[in-house]
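Engineer: give me a 3D structure for the following:
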Amino acid sequence: MPSELLGYPLYDDDLIKLSVRFAANLIVLVLIVHFVYSKQSRSKDYLFTFYMLNIVVFFICFTLKKLELELGMALGLFAIFGVLRYRTDAIPVREMSYLFIVIGLAVINSLANSKVSLAEVGFVNLAIVCLPALFESLPNLRQESREEILYERIDLIRPENHDQLIDDLQKRTGLNLSRIELGRINLLQDTVAITVYYYPHDQDREPNHDVEINRRLRRK
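Structural biologist: Numbering: from 1, shown residues only. Model (predicted):
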């Protein structure tokens with residue numbers, strides 16, 4: 001049985017190493033994206049990007065690891081990512097943070113060599129999974145979304161009527177609000193601009209609909 005085809009080897013022992021590393025990387029990636037990010041944001045807009053960017057970066061780094069990657073080549077890769085970033089729509093800061101997490105995860109799991117012990121790699125992966133979950137659970141760091149509302153019951157913005165204002169906003173929007181901000185008051189039209197804030201994962205959902213209905217999030 002020939003060991004080469006067109007000058008390329010048909011099999012390399014690194015295939016097993018690649019498979020094991022990729023499986024471990026994929027498991028950690030699913031934990032971060034599905035059980036941390038998706039659970040908190042309930043947004044599906046960036047799931048495909050997170051998964052595919054991590055997978056592609058992993059394979060690029062693992063493949064280039066076997067070559068003599070020079071500094072210029074490495075900078076060129078980051079330049080490509082930079083060009084792609086400027087040609088796409090702006091994404092929220094929190095999603096950008098998760099994007100950096102999945103890229104860093106792929107780089108660590110693909111480039112770790114014999115100088116790094118398995119315990120160290122495992123600790124890094126565990127920290128990458130647990131720290132975002134911990135920070136997302138802290139009250140001051142939880143993801144908060146907002147909606148802009150033009151409100152007509154201007155009498156309820158008086159301090160003594162704030163309880164009624166909150167009740168009315170929650171009843172009419174169906175949101176469990178965390179806080180509100182009063183904006184511009186128009187006395188000619190008896191309206192006031194109100195920004196309402198809420199935690200997406202604290203909202204009640206209707207499970208009986210065949211069609212899933214989500215709110216387009218506007219991050220804080």
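Engineer: which element follows the least confident helix or strand in the chain by mean pLDDT toward the C-terminus?
Structural biologist: For the chain, scoring each helix and strand by mean pLDDT, DSSP states H and E identifies helix 71-86 as the least confident one, at a mean of 64. Scanning forward in sequence from helix 71-86 by DSSP states H and E, the next helix or strand is helix 93-111.
Engineer: which parts of that following helix are buried?
Structural biologist: Of the residues in helix 93-111, those with enough neighbours to count as buried (16 or more other C-beta atoms under 10 Å) are 94-95, 98-99, 101-103, 105-110. For every residue, glycine as well, the C-beta is placed using N, CA and C.
Engineer: show me which of these is closest to residue 172.
Structural biologist: The shortest approach to residue 172 among these belongs to residue 94, at 27.6 Å (C-beta to C-beta).
Engineer: pretty sure the closest one contacts residue 143?
Structural biologist: Yes - between residue 94 and residue 143 a contact is recorded at 6.1 Å, counting by C-beta atoms under 8 Å.
Engineer: how far does the one helix or strand residue 179 maps to sit from its chain's centre?
Structural biologist: Applying DSSP H and E as the criterion places residue 179 in strand 177-186. If you compare the mean C-alpha spot of strand 177-186 with that of the full chain, they lie 28 Å apart, counting by C-alpha atoms, centre = their mean, to the nearest Å.
Engineer: mind listing the strands for this protein?
Structural biologist: Secondary structure of the chain (DSSP state E): strands located at 4-5, 8-9, 145-151, 177-186, 191-198.
Engineer: distance check, residue 105 against residue 174.
Structural biologist: From residue 105 over to residue 174 the distance is 37 Å, taken as C-beta to C-beta, to the nearest Å.
Engineer: swap that for residue 56, please
Structural biologist: Going from residue 56 to residue 174 by C-beta to C-beta gives 39 Å.
Engineer: what sits against the nearest residue to residue 58 once chain neighbours are set aside?
Structural biologist: Here the nearest residue to residue 58 in space, its sequence neighbours aside, is residue 106; by C-beta to C-beta, 6 or more residues apart in numbering that works out to 3.9 Å. The neighbours of residue 106, taking C-beta atoms under 8 Å, 6 or more residues apart in numbering as the test, are 25, 53-55, 57-58, 61.
Engineer: quick check, nearest of those to residue 19?
Structural biologist: Using C-beta to C-beta, residue 25 is the member of the contacts of residue 106 that lies nearest residue 19, at 10.8 Å.
Engineer: retrieve the pLDDT associated with the closest one.
Structural biologist: Among the per-residue scores, residue 25 shows a pLDDT of 93.
Engineer: quick check: closest non-adjacent residue to it.
Structural biologist: Leaving aside its sequence neighbours, residue 25 is closest to residue 109 (4.1 Å, by C-beta to C-beta, 6+ apart).
Engineer: and that neighbour, what does it touch?
Structural biologist: For residue 109, the set of contacting residues under the criterion of C-beta under 8 Å, 6+ apart consists of 21, 24-25, 28, 58, 121, 125.
Engineer: need the buried ones from those residues selected in ChimeraX.
Structural biologist: The buried residues among those can be selected in ChimeraX (16+ other C-beta under 10 Å) with this line:
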select :21,25,28,58,125
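Engineer: format the contacts of residue 109 as TSV; extra columns: distance to residue 147.
Structural biologist: Putting these into TSV (distance: C-beta to C-beta, whole Å) gives the following:
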residue	distance to residue 147
21	43
24	40
25	37
28	34
58	38
121	43
125	37
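Engineer: which one of the contacts of residue 109 is nearest residue 196?
Structural biologist: The shortest distance between residue 196 and any of the contacts of residue 109, using C-beta to C-beta, involves residue 28 and amounts to 35.9 Å.
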